[in-house]
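**Q** Need coordinates for the below:
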Amino acid sequence: MSRGLPVEAPPSKQVNISGPSAQRTAGLLRDYMIGRAAKVGQIARRLLRSGICLGFATCASFAATSAQSEGLPEALAKAYQTNPQLNAERARQRATDENVPQALSGYRPQIVASLSGGLQAVRNLLPDNTIQSATLKPWTIGVTVTQTLFNGFKTANSVRVAELQVRSGREALRNVGQGVLLDAATAYSNVLANQSLVEAQRSNVAFLRETVGITQKRLNAGDVTPTDTAQAEARLSRGLAELNAAEVNLAVSQATYTQVIGSPPSQLRPVENVDRFAPRSREDAIALAFKEHPAVMAAGFDVDVAATTINVAESSLLPSITVQGSASHSSEADPTISTLRTDQASVIAQMNAPIYDGGTGASQTRQAKELAAQSRLVLDQVRNQARTAAVGAWVANEGAKVAVTAAESEVRAATLALQGVQREAAGGQRTTVDVLNSQADLISAKARLIGAQRDRVIASYTLLSAVGRLDVKTLALNTPDYLPEVHYHQVRDAWHGLRTPSGR
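**A** Numbers count the residues shown, from 1 in each chain. Below is the predicted model:
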């Protein structure tokens, strides 16, 4: 509301207070303003002592229930163990591991057993015009062993492709793990920040309710006009709306927390940044992103996969050599012939040299070369994205430090300003709207500080993710690290078996 509106009585009437009723009102107003100033000072001191830790408005309640509280490391460990997205990616990686034994099967013999039997009706016309008929029950059993000796190096290159796909998949899994941990840290920080905002808005509503009450008493005493009461009531209504919005945001952030972490938030503890694990300069951040970020490393392995796939395609243009051994036993039981049983065994070497396949092999080779060129361009693109992400995360983290410092100074100044305005209002030198405006400035400053503290924590985790170091080992989380190579070695040389290592 405009400062120019007639919200107060003339200054001479405010300064020269006389009469028992006016004196009681002035004394009541003075006591109220002094009490509110003391409360604001206490809030400000608690706020400034909290540093960059979130949750300054609820630290006391957290300390009282520390035995049941859950810190960010515990939440990250829980998300690392139970997050469905991460567990699905682990299952995908275990499926990728099976490409290696499938490719290695090309080195192993193929054994096929066969068994046939049935009924056969025979009717023969003999030279003397007699007819001979019989019902036979022939059966045959045999086994064939085929071993590939040379297939244009297709098997060797296929094994190499499968191994590179496994290594690329591991980096993709690590990238998903980083994303889940970052989402968990973000969800945790959002819940903590929204809890603090709700507490700040509740404190604001309590302040405004008291202001409405004291303004109503001053109106009854004739010190202010109905405009002052209307202004205070309007600010109270706005405060209730902002409290409702803060509670809605808290409920949404709690639902997101449950989705990412796997359980609803309980008593959350204030969190700190992870700058101790972060690079010391922007150049170091870029270098680490190029060297250790899983997306870059996965793209590098994809280039190797595409290059080796060219050799796999070219193998179809080369000759192949196989050896086949077979043994069979058959019984005819035909009375019209002298042979009743046949046993056979053979070893046959065979070489096939393609002369013309309609252009299929050549087309597949050209296609593989183009895909290899594409993968190299994708690698360049991923590197550029990693550089941009590293620079952006570094700058955002540095900016978050400045934002926290500025917000702390703003809260400190807004607190002092509110205390001064309250004292001046008690002496009749300030209006009700001045007090309300100062309170609004303080609440806005607190909200910005809470947001800056939250952004400070998230920015440090984002920077750690941008350089590829947001993992269980770096954060020293109290949970076993998932090692994808364990499953790989369990299935790599498996010649048979339908059960997975987990027993399924």
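
**Q** helix, strand or coil for Leu379?
**A** Following DSSP: H, G, I helix; E, B strand; the rest coil, the label given to Leu379 is helix.

**Q** Count the neighbours of it for me.
**A** By other Cβ atoms under 10 Å, the residues close to Leu379 number 18. To be clear about C-beta, it is placed using only N, CA and C from the backbone, and glycine gets the same treatment.

**Q** OK, contacts around it?
**A** Val296, Ala299, Gly300, Asp302, Val303 (Cβ atoms under 8 Å, 6 or more residues apart in numbering).

**Q** The same query, at a cut-off of 6 Å, please.
**A** For Leu379, the contact set (Cβ atoms under 6 Å, 6 or more residues apart in numbering) comprises Ala299, Val303.

**Q** name the element the nearest residue to Arg282 once chain neighbours are set aside belongs to?
**A** Spatial nearest neighbour of Arg282, chain neighbours left out: Trp394 (4.8 Å); criterion: Cβ to Cβ, 6 or more residues apart in numbering. Element membership of Trp394 [criterion: DSSP states H and E] is helix 360-426.

**Q** Show me which residues of stretch 340-355 are buried.
**A** Under the neighbour-count criterion of 16 or more other Cβ atoms under 10 Å, stretch 340-355 has nothing buried.

**Q** And for stretch 369-381?
**A** Buried, per 16+ other Cβ under 10 Å, within stretch 369-381: Lys369, Leu371, Ala372, Ser375, Arg376, Leu379.

**Q** per-residue confidence for the fourth one?
**A** As summarised for this prediction, Ser375 has a pLDDT of 96.

**Q** if I look at it, how far off is Pro226?
**A** 75 Å (Cβ to Cβ, to the nearest Å).

**Q** for the stretch 251-400 of the chain, which spans come out with low pLDDT?
**A** Regions of the stretch 251-400 of the chain meeting the criterion pLDDT under 70 cover residues 333-339.

**Q** in the chain, which spans are strands?
**A** Using DSSP state E, the strands of the chain run over 69-70, 110-117, 120-125, 131-136, 139-150, 267-268, 320-331, 341-352.

**Q** Let me know which of those is tucked in deepest.
**A** Ranked by mean neighbour count under mean count of other Cβ atoms under 10 Å, the strands of the chain are led by strand 267-268, which reaches a mean of 20.

**Q** what helices or strands is that strand leaning on?
**A** For strand 267-268, there is no helix or strand it packs on, judged by 3 or more Cβ pairs under 6 Å, 6 or more residues apart in numbering; DSSP states H and E.

**Q** ok, the residue nearest to Arg282 - how many residues close by?
**A** Trp394 has 24 neighbours, counted by other Cβ under 10 Å.

**Q** what's the answer for the one 10 residues further on, then?
**A** Summarising burial for Val404: neighbours were counted as other Cβ under 10 Å, giving 22.

**Q** Surely it and Arg456 touch.
**A** Yes: with contact defined as Cβ atoms under 6 Å, Val404 counts as touching Arg456 (5.1 Å).

**Q** Now do the contacts for the most centrally placed residue in the chain.
**A** Closest to where the C-alpha atoms of the chain average out (Cα atoms, centre = their mean) is Val180, at 2.5 Å. Residues in contact with Val180 (Cβ under 6 Å, 6+ apart) are Ala79, Asn83, Leu86.

**Q** 8 Å instead?
**A** Ala79, Tyr80, Asn83, Gln85, Leu86, Val260.

**Q** List buried residues within those.
**A** Ala79, Tyr80, Asn83, Leu86, Val260.

**Q** coming back round to it: ok, now how distant is the residue nearest to the centre of the chain from Asn194?
**A** Using Cβ to Cβ, we find Val180 at a distance of 21 Å from Asn194.

**Q** and what of Ile286?
**A** Distance from Ile286 to Asn194, by Cβ to Cβ: 34 Å.

**Q** what do you get for Asn437?
**A** Counting by Cβ to Cβ, the gap from Asn437 to Asn194 is 25 Å.

**Q** likewise Phe150?
**A** With Cβ to Cβ as the criterion, Phe150 and Asn194 are 67 Å apart.

**Q** before we move on, what about Val212?
**A** 26 Å.
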